[in-house]
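Visitor: fold the stuff below for me.
(one chain, ligands or ions: 3)
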Amino acid sequence: MSRMHRTSIDTDGDKRPVPIHGPEAFAGMRAAGRLAAMTLDHVTPMIRAGVTTAAIDRAIDAFMRAHGGVPATKGYPHREQPDNPFPASCCISVNHVVNHGIPSEDKRLREGDTLNIDVTVILNGWYGDTSRMFVVGPIERIPVKARRLIEVTYEAMWAGIRAVRPGATLGDVGHAIQKVAEAARFSVVRDFVGHGIGRVFHDAPEVRHFGKPGEGLVLRPGMFFTIEPMINAGRAEVKILADGWTTVTRDREPSAQFEHTVGVTEDGVEVFTRSPAGFERPPYAI
Ligand code: MF3
Ligand code: CO
Ligand code: CO
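Guide: Numbers count the residues shown, from 1 in each chain. Ligands and ions are numbered 1, 2, ... in the order given. Below you'll find the predicted structure:
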């Protein structure tokens, strides 16, 4: 009897093939993920009252290029607006901005703000994508609800990461995230999802941050994707502003997000974007 080989190709809900990567891809992602994480580490001391989000963006662009990387967001095409590519080297989303905030000379950070900085770098053709929350000023000056939201979002992301292993499903991952968020009476944003990643920025599969155990794609060693839950303190509904990018909560309550890029290994998960400085969640010891 001949050995059984898997002849089918795993596909996600939209029937797009989900790439299975080998050892050289893991090495490429380790390097790209590390540079993305180092980029956030690098700008962490800049996050204080009075700094503009444009200044943070310039520091991110310079750091990536100085280390042989290219910011993947700069010029990234808009889904529906061909003449409206993303103009900056990162996304900075303050307070009730959910994601895709555009850095600006007009946006100065103020004590009490909470913000997400999302960076994606291309290094030797491989994409590393990660985001973290930051707070402006002493943690005691941050509204209690926003502080709790940051904690819960961080724990929700890690609950999702811990669910990743061969044989588990994306429904298991989404469910783990949703459970943590909703136990705290917060809401999971439905309009944006994590994504496959590798030599392309946004690949199959689509990674929902909600779901039912046992449903969806079965995870296999060599799959790469992001886990990037956006959690709202109030309702889940969002709207996109006139610039075509900036997403805000409809009820103007705060939103938080953390993101890691991960790979499925033979026995679990490898996180490519862990902070070399140990900057896991705020407040950061700088
Ligand atoms: N880094 C974001 C993500 O996690 C994507 C930003 S695309 C941009 O997928 F064009 F808005 F920058
Ligand atoms: Co992402
Ligand atoms: Co990102």
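
Visitor: got phi/psi on the nearest residue to Tyr76 once chain neighbours are set aside?
Guide: Using C-beta to C-beta, 6 or more residues apart in numbering and skipping residues adjacent in sequence, the residue nearest Tyr76 is Phe86, 4.4 Å away. (Each C-beta comes from the backbone N, C-alpha and C, glycine too.) Main-chain torsions, Phe86, degrees, to the nearest 10: phi -70, psi 130.

Visitor: contacts only, for Thr226.
Guide: Applying C-beta atoms under 8 Å, 6 or more residues apart in numbering to Thr226 gives the contacts Asp129, Gly194, His195, Ile197, Val207, Glu259, His260, Thr261, Val262.

Visitor: among those residues, which are in helices?
Guide: In helices, defined here by DSSP state H, there are no members of the contacts of Thr226.

Visitor: could you check how far Gly97 is from ligand 2?
Guide: No, residue 97 isn't Gly; it's Val. According to C-beta to the ion, to the nearest Å, Val97 stands 16 Å off from ligand 2.

Visitor: so that residue touches Glu253, yeah?
Guide: No - counting by C-beta atoms under 8 Å, Val97 does not reach Glu253; the two are 11.7 Å apart.

Visitor: those helices in the stretch 1-150 of the chain, which residues are they?
Guide: 23-43, 53-66, 144-162 (DSSP state H, counting those that start in this stretch).

Visitor: returning to that earlier point: between Val97 and Glu253, which one's more packed in?
Guide: Between Val97 and Glu253, Val97 has the larger neighbour count (other C-beta atoms under 10 Å), namely 23 against 17.

Visitor: what's the end-to-end length of stretch 190-202?
Guide: 17 Å (C-alpha to C-alpha, to the nearest Å).

Visitor: buried sites along that stretch?
Guide: Phe192, Val193, Gly194, His195, Gly196, Ile197, Gly198, Arg199, Phe201, His202 (16 or more other C-beta atoms under 10 Å).

Visitor: do the same with stretch 93-111
Guide: Using 16+ other C-beta under 10 Å as the test for burial, stretch 93-111 gives 93-104, 107, 109.

Visitor: got it, and stretch 127-146?
Guide: Buried positions in stretch 127-146, judged by neighbour count with 16+ other C-beta under 10 Å: 127-137, 142, 146.

Visitor: near ligand 3, which residues of the stretch 151-286 of the chain are found?
Guide: Glu259 (C-beta under 5 Å from the ion).

Visitor: ramachandran angles for the residue in the stretch 151-286 of the chain positioned nearest to ligand 2?
Guide: When you check the stretch 151-286 of the chain against ligand 2 by C-beta to the ion, the closest residue turns out to be Thr226, at 4.0 Å. With angles defined as degrees, to the nearest 10, Thr226 sits at phi -100, psi 150.

Visitor: tell me the bridge partners for it.
Guide: In this entry, Thr226 is beta-bridged to Thr261, by DSSP bridges.

Visitor: roughly how far apart are it and Gly216?
Guide: Separation of Thr226 from Gly216 (C-beta to C-beta, to the nearest Å) stands at 16 Å.
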